[in-house]
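Student: okay, here's the prediction I keep looking at, along with the sequence it came from:
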Amino acid sequence: MNILIVKLGATGDVVRTTTLLRALRGEVTWLTASKNTTLFDGVKEVQRCLSWEQRERVRDVKYDLVINLEDTLEIGAFLKTAQFERLFGAYADDAGELRYTDDARRWFDLSLISIYGKEQADQLKLKNRHTYQELIFEGLGFQFQGEKYVLPRPVDTGLCGDVAIAREAGPVWPMKNWAYYDKLKNELEARGLKVNFLQPRSSLREHLADVCQHRCFVGGDSLPMHFALGTGIRCVTIFTCTSPWEIFDYGIQTKIVSPLLEEYFYKRGFESRATSAVSLEEVLGAVLKQLEVAV
């Protein structure tokens, strides 16, 4: 089979989508954002990785299956120019409206392009208790059985220690930035532990190394969390405004769910109440417990 996967971003979503590579059989082309192409360096499960800027090159093959997990009209319209037998996911109809295939509805019913509208989609997302992988795998006719992420080899940065902390989740979700990361670092260091805040890197493979060269990772629902889950690093994840149930924990993750989650669920503004609702003591205790069992 010739298979085209279209998943451009966010980068963490690209990483968790790589679990499909464990189930699919065939020659895979992956279309992604240019910054994410390094995630497929040396990954034998992907025969071609093309950036969005190189998208015209995907039209040289007729695909047995196209999996489009993006929800933008531009991408849906572009896929109308590709040749394929089966499409799973979002597409642009003849009227130029963005829709999605029936077999992909369990995921897209919860999305920004849900046929139910965003408000009801967010409520469905809040009630959902299935992981992202379960929803996507089932739609494609597979059963998710804990397949692991597919990641490239990290590029050593020399940053290592006991605990890595991601204190900033980026501008899209400011309420993911828990209020007490500095205090957590101080408490852990007072116990003789080596703690590092993750810093921006020029390469995703360097960022990957920063995470996996620690015994435990602490942060929000973010790219470094997925790097931890994908490399077997025990982690503590604070969920303030996004779904904890969509994340498969691989038996190594402690999820701390804000008591105000429902109030701020999938809201992208900023309220200090959301960032301080989880206590320092709860997170500290979870991290120390993870370190006890970390190799």
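Tutor: Done, it's in.

Student: which SS state does Gln54 fall under?
Tutor: What DSSP: H, G, I helix; E, B strand; the rest coil gives for Gln54 is helix.

Student: which residues touch it?
Tutor: By CB atoms under 8 Å, 6 or more residues apart in numbering, no residues touch Gln54. Yep, even glycine has a C-beta here, placed from its N, CA and C like the rest.

Student: in the helix or strand containing Val218, what's buried?
Tutor: Assigned by DSSP states H and E, Val218 belongs to strand 214-220. Using 16 or more other CB atoms under 10 Å as the test for burial, strand 214-220 gives His214, Arg215, Cys216, Phe217, Val218, Gly219, Gly220.

Student: next one: stretch 171-178
Tutor: In terms of neighbour count (16+ other CB under 10 Å), stretch 171-178 has its buried residues at Trp173, Pro174, Met175, Lys176, Asn177, Trp178.

Student: need the contact list for the fourth one.
Tutor: By CB under 8 Å, 6+ apart, Lys176 lies in contact with Ala169, Gly170, Gly220, Asp221, Ser222, Ile238, Thr240, Cys241, Thr242.

Student: how much space separates it from Leu223?
Tutor: Using CB to CB, to the nearest Å, Lys176 is found at 11 Å from Leu223.

Student: ok, residues contacting the strand holding Val218?
Tutor: 160-167, 169, 173, 176-178, 181, 184, 196, 198, 211, 224-225, 227-228, 233-240, 283, 287, 290-291, 294-295.

Student: could you dump the buried residues of stretch 171-178 into CSV and include distance to Leu87 and secondary structure?
Tutor: Formatted as CSV, those follow (distance: CB to CB, whole Å; DSSP: H, G, I helix; E, B strand; the rest coil):
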residue, distance to Leu87, secondary structure
Trp173, 30, coil
Pro174, 35, helix
Met175, 35, helix
Lys176, 33, helix
Asn177, 38, coil
Trp178, 40, coil
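
Student: which one of those sits closest to Ala274?
Tutor: Nearest to Ala274 out of those is Met175 (CB to CB; 4.2 Å).

Student: tell me if I'm right that the closest one and Thr275 touch.
Tutor: Yes. Met175 sits in contact with Thr275 when judged by CB atoms under 8 Å, with a separation of 5.9 Å.
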